[in-house]
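Participant: Give me a 3D structure for the following:
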Amino acid sequence: MDYQAITYELANDTAIITINSPDKMNALTTQIRAEIAHAATQGGKEARVVVITGAGDRAFCSGQDLGDRAGSSVDLERTLRDEYAPMLRAIVNCPVPTIAAVNGAAAGAGANLAVAADVVFATESAYFLQAFTRIGLIPDAGGTYALPRQMGMAKAMGAALFADKISARQADDWGMIWEAVPDADFDAHWRAKAAQLAVGPTAAYAGVKEVIRASWNNTFEGQLTLEAEEQGKCGKTRDFKEGVLAFTEKRPASFEGR
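Facilitator: Numbers count the residues shown, from 1 in each chain. As a prediction, the model looks like this:
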């Protein structure tokens, strides 16, 4: 696919998706949503880690582009169902680890796009904002699912009702993201972490994603059963054999991935 609203870079088993509309703070349009969905699916097939970030240094993503005629239909239900949901599913269901590298403001649907990723790194100057009630809406783009699980009910409810900015440091402290990173170190830091995942045990990472997400709806006994099933699959992989051999030989493991 010839991407026009995003850039897609594949190098060293890492797919980097960059929302490329810095003049509009990387706001989401119909085209951008479709391109992110396609790129995340593509990255899941040909990379071992997928990263989503924003162009420039002002914003990761400022949410819906309210000036986008194609995406600003009064039929918000259709827009969420037919445009947002495929994008979010492509990220959440991606078979490889996904990283959101939040390089600036993440507001509205942009904030919830970020927390859809498996791991979120943010610059210390970044912030997250559930801006929806400011224009008479409820949080969407998966936010009402992710935030209570990540922040707890009290913080998620306050963030949604008051629509206050949440600094990256607060988000880190509250468990909303994985790590807030000094701005000067940010680019090198998330790239190093992506490189770490890109040489890791891909099958085990896929299993981690599945069992942790399943835990929210499972009983304890059901989770024990699922763990046993997934661990059985991992135990039959070359990566497990290599990991054990590398441990006994006191050397770094060389995982083959898929």
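
Participant: And V115, its phi and psi?
Facilitator: With angles defined as degrees, to the nearest 10, V115 sits at phi -80, psi 0.

Participant: residue contacts, it?
Facilitator: For V115, the contact set (C-beta atoms under 8 Å, 6 or more residues apart in numbering) comprises A100, F128, G142, G143, A146, L147, Q150, M176, I177. (C-beta placed from N, C-alpha, C; glycine too.)

Participant: give me that answer again for 10 Å
Facilitator: Contact partners of V115, counting by C-beta atoms under 10 Å, 6 or more residues apart in numbering, are 100, 102, 106, 128, 141-143, 145-147, 149-151, 171, 176-177.

Participant: if I look at it, how far off is E9?
Facilitator: 23 Å (C-beta to C-beta, to the nearest Å).

Participant: before we move on, what about P95?
Facilitator: Distance of P95 to E9, computed by C-beta to C-beta: 19 Å.

Participant: what do you get for A192?
Facilitator: Going from A192 to E9 by C-beta to C-beta gives 16 Å.

Participant: So for the two, which sits in the more crowded spot?
Facilitator: Taking neighbours as other C-beta atoms under 10 Å, A192 and E9 compare with E9 leading, 13 against 10.

Participant: Tell me the strands beside whichever strand or helix holds that one, with direction?
Facilitator: Assessed by DSSP states H and E, E9 sits inside strand 6-11. Looking at strand 6-11 with DSSP bridges, its partner strands are strand 14-19 (antiparallel).

Participant: Tell me which residues of whichever helix or strand comes after the partner strand come out buried.
Facilitator: Using DSSP H and E, the helix or strand that directly follows strand 14-19 along the chain is helix 30-46. When burial is assessed from 16 or more other C-beta atoms under 10 Å, helix 30-46 yields the following buried residues: 30-44.
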